[in-house]
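In: dropping a prediction and its sequence here:
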Amino acid sequence: GENVEQHPSTLSVQEGDSAVIKCTYSDSASNYFPWYKQELGKGPQLIIDIRSNVGEKKDQRIAVTLNKTAKHFSLHITETQPEDSAVYFCAAISSNFGNEKLTFGTGTRLTIIP
Amino acid sequence: DTGVSQNPRHKITKRGQNVTFRCDPISEHNRLYWYRQTLGQGPEFLTYFQNEAQLEKSRLLSDRFSAERPKGSFSTLEIQRTEQGDSAMYLCASSLGRDTTYEQYFGPGTRLTVT
């Protein structure tokens, strides 16, 4: 089955600086890669996603890049703000029909220092 | 519609008791998923439904766990004879389930504590 590894496990950045979180996956058939933000006591919130036919996607201060050859994808947050502090999870789906469960990484706790 | 809802939000039970959780997906979402999340970990897949049909179950889902989605709308997850190791956050997610729409939207979760 799919295995997703995520680094770093914790990350602290000064407000206004950029943050980068990296993930690798094992199943070459995986074709959908979402990122979730989880705040304390809440469920994961989908913030951005990318499909395997795209190399990069951007939404305001958030961007995701995908390298299919190396089987890794990254989340980039620019101009970080205190409200970006949360735990971020990467995930992957292999699109074999009938098998669309998300496999998650272990999470990155991002702290924005004011 | 405000998203996926789950009830109760918190449940404390004694070892050996049965518990049942409910999930209401986003309207018109055909797929419904259950995940379990323990402290410091990412969510782990348990099972999922396409309408009322349960299509896949994880090996994490022991015989004490059962899930239903009787009319293809809300779903329930029951744990029988709870054990302390069942303590976790139980998350429900839903997706449109058409063509190649993979986006899954999560509810707030039910936190189970088994004492």
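Out: Noted; the coordinates are in hand. From a predicted model like this one, the values you see are computed outputs, not experimental measurements.

In: what are the buried residues along stretch B:20-34?
Out: B:Phe21, B:Cys23, B:Asp24, B:Pro25, B:Ile26, B:His29, B:Asn30, B:Arg31, B:Leu32, B:Tyr33, B:Trp34 (16 or more other C-beta atoms under 10 Å in any protein chain shown). Backbone N, C-alpha and C define where each C-beta goes, glycine included.

In: burial count for A:Leu102?
Out: 28 (other C-beta atoms under 10 Å in any protein chain shown).

In: closest residue of chain A to chain B?
Out: A:Phe104 (3.1 Å; C-beta to the nearest C-beta).

In: just give me the neighbour total for that residue.
Out: 24.

In: settle this for me: it is touching B:Thr38, isn't it.
Out: No - using C-beta atoms under 8 Å, A:Phe104 is not in contact with B:Thr38; the gap is 11.9 Å.

In: re the thing from before, so what's the residue of chain A closest to chain B up against?
Out: By C-beta atoms under 8 Å, 6 or more residues apart in numbering or on different chains, the contact list for A:Phe104 reads A:Val4, A:Tyr36, A:Phe89, A:Cys90, A:Ala91, B:Gly42, B:Pro43, B:Glu44.

In: go again using 7 Å as the cut-off
Out: The neighbours of A:Phe104, taking C-beta atoms under 7 Å, 6 or more residues apart in numbering or on different chains as the test, are A:Val4, A:Phe89, A:Ala91, B:Gly42, B:Pro43.

In: and the strands in the chain, which stretches?
Out: I went with chain A, as the question did not name one. A:4-7, A:10-14, A:19-25, A:30-38, A:45-51, A:56-59, A:62-67, A:72-77, A:86-94, A:103-104, A:108-113 (DSSP state E).

In: that's the wrong chain, I meant chain B
Out: Counting by DSSP E, chain B has these strands, from start to end: B:5-7, B:10-13, B:19-24, B:31-37, B:44-50, B:53-57, B:65-68, B:75-79, B:88-95, B:105-106, B:110-114.

In: please enumerate residues in contact with stretch A:21-37?
Out: By C-beta under 7 Å, 6+ apart, stretch A:21-37 touches A:2-7, A:11, A:44-52, A:64, A:66, A:71-75, A:86, A:88-96, A:105, A:108, B:102.

In: return the per-residue confidence for residue 96.
Out: In the absence of a named chain, this looks at chain A. At A:Asn96, the model reports a pLDDT of 60.

In: not quite, I wanted chain B
Out: Reported pLDDT for B:Leu96: 88.

In: what number of residues lie near it?
Out: 15.

In: my guess is it contacts B:Ser27. True?
Out: No - with contact taken as C-beta atoms under 7 Å, B:Leu96 and B:Ser27 are classed as non-touching, separated by 10.7 Å.

In: any figure for the gap between A:Trp35 and A:Asp59?
Out: According to C-beta to C-beta, to the nearest Å, A:Trp35 and A:Asp59 sit 10 Å apart.

In: in chain B, which residue sits nearest chain A?
Out: For chain B, C-beta to the nearest C-beta, closest residue to chain A: B:Gly42, 3.1 Å.

In: what sits against that residue?
Out: A:Phe89, A:Phe104, A:Gly105, A:Thr106, A:Gly107.

In: swap in B:Lys11?
Out: Contacts of B:Lys11 by C-beta under 7 Å, 6+ apart are B:Val19, B:Thr110, B:Leu112.

In: hang on, isn't the last one packed against B:Tyr90?
Out: It refers to B:Leu112. Yes - the criterion here is C-beta under 7 Å, and B:Leu112 meets it with B:Tyr90 at 6.2 Å.
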